[in-house]
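Undergrad: Sequence and predicted structure are below.
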Amino acid sequence: MSAPEALNWSVENCTIARAMEILGERWTIVVLREVFSGVRRFDDMRRRTQIPRQVLTDRLAMLVERGVLRREPYREPGARLRHEYRLTTKGLDLWPVLVAVLEWGDRYLADPAGSPLSTVHRGCEAEMRVVLRCTAGHEVASPRDVVPRPGPGARTHT
């Protein structure tokens with residue numbers, strides 16, 4: 001059997017690896033789930049998720065620094081100025097990733113009663129699904145129908 005063609009290409013500039021530098025830690029995805037669910041304030045996130053205070057502080061700061069979230073000031077009457085966390089366009093573009101993770105978790109990890117979270121289309125209330133589609137418009141039925149190939153930014157191994 002011959003060696004996979006992928007061994008000829010460098011992964012030093014891999015965008016999957018770069019994305020995982022941002023998303024690859026468990027609590028980061030949990031924070032994004034909360035913000036997508038409308039939970040935007042630190043204390044609400046902390047209470048709901050039980051993420052340790054410093055971990056939550058670090059994750060929020062990193063997501064702001066990386067342009068996934070932005071901070072919006074607010075002040076409750078009689079309280080000091082605080083911040084909510086809102087999704088940027090870059091953050092909103094992660095929604096299909098979270099839906100795909102949810103679908104996978106529902107398929108393999110859900111309790112017998114089913115998923116505790118449902119995502120529906122605001123317009124018709126139908127459940128959301130992530131679909132692979134090529135740029136020619138064909139829906140891909142199986143991951144086995146997808147072939148990874150070197151892209152325009154690929155570099156050969158030196």
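TA: That came through, no problem.
Undergrad: can we go C-alpha only for contacts and neighbour counts from here?
TA: Will do.
Undergrad: first vs last residue of stretch 1-14, how far apart are they?
TA: 26 Å (CA to CA, to the nearest Å).
Undergrad: what's that stretch in contact with?
TA: R149, P150, A154, R155, T156, H157 (CA atoms under 8 Å, 6 or more residues apart in numbering).
Undergrad: Count the neighbours of L87 for me.
TA: 20 (other CA atoms under 10 Å).
Undergrad: so what's the closest residue in space to it that isn't next to it in sequence up against?
TA: Closest residue to L87 apart from its sequence neighbours, by CA to CA, 6 or more residues apart in numbering: L69 at 4.6 Å. Listed by CA under 8 Å, 6+ apart, the contact partners of L69 are L60, L63, Y85, R86, L87, T88, G91.
Undergrad: Off-centre distance for the helix or strand of the chain with the lowest mean pLDDT?
TA: In the chain, the helix or strand scored least confidently by mean pLDDT, DSSP states H and E is helix 15-23, which has a mean of 91. Remark: helix 15-23 is offset 10 Å from the chain centroid, using CA atoms, centre = their mean, to the nearest Å.
Undergrad: Could you look up the SS state of R86?
TA: When classified by DSSP: H, G, I helix; E, B strand; the rest coil, R86 comes out as strand.
Undergrad: can I assume it is in contact with V35?
TA: Yes - the criterion here is CA atoms under 8 Å, and R86 meets it with V35 at 6.9 Å.
Undergrad: Run through the helices of the protein in chain order.
TA: 15-23, 26-36, 42-49, 53-65, 89-92, 95-109 (DSSP state H).
Undergrad: can you redo the ones you listed as CSV with distance to N8?
TA: Shown next, in CSV, are these (distance: least, CA to CA, whole Å):
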stretch, distance to N8
helix 15-23, 17
helix 26-36, 32
helix 42-49, 43
helix 53-65, 34
helix 89-92, 32
helix 95-109, 29
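Undergrad: closest to L81 out of these?
TA: helix 42-49 (12.7 Å; CA to CA).
Undergrad: Quick check: closest non-adjacent residue to G91.
TA: Nearest to G91 is V68, by CA to CA, 6+ apart, at 4.2 Å.
Undergrad: The one you found: what's it in contact with?
TA: Taking CA under 8 Å, 6+ apart as the test, what V68 contacts is L87, T88, T89, K90, G91, L92.
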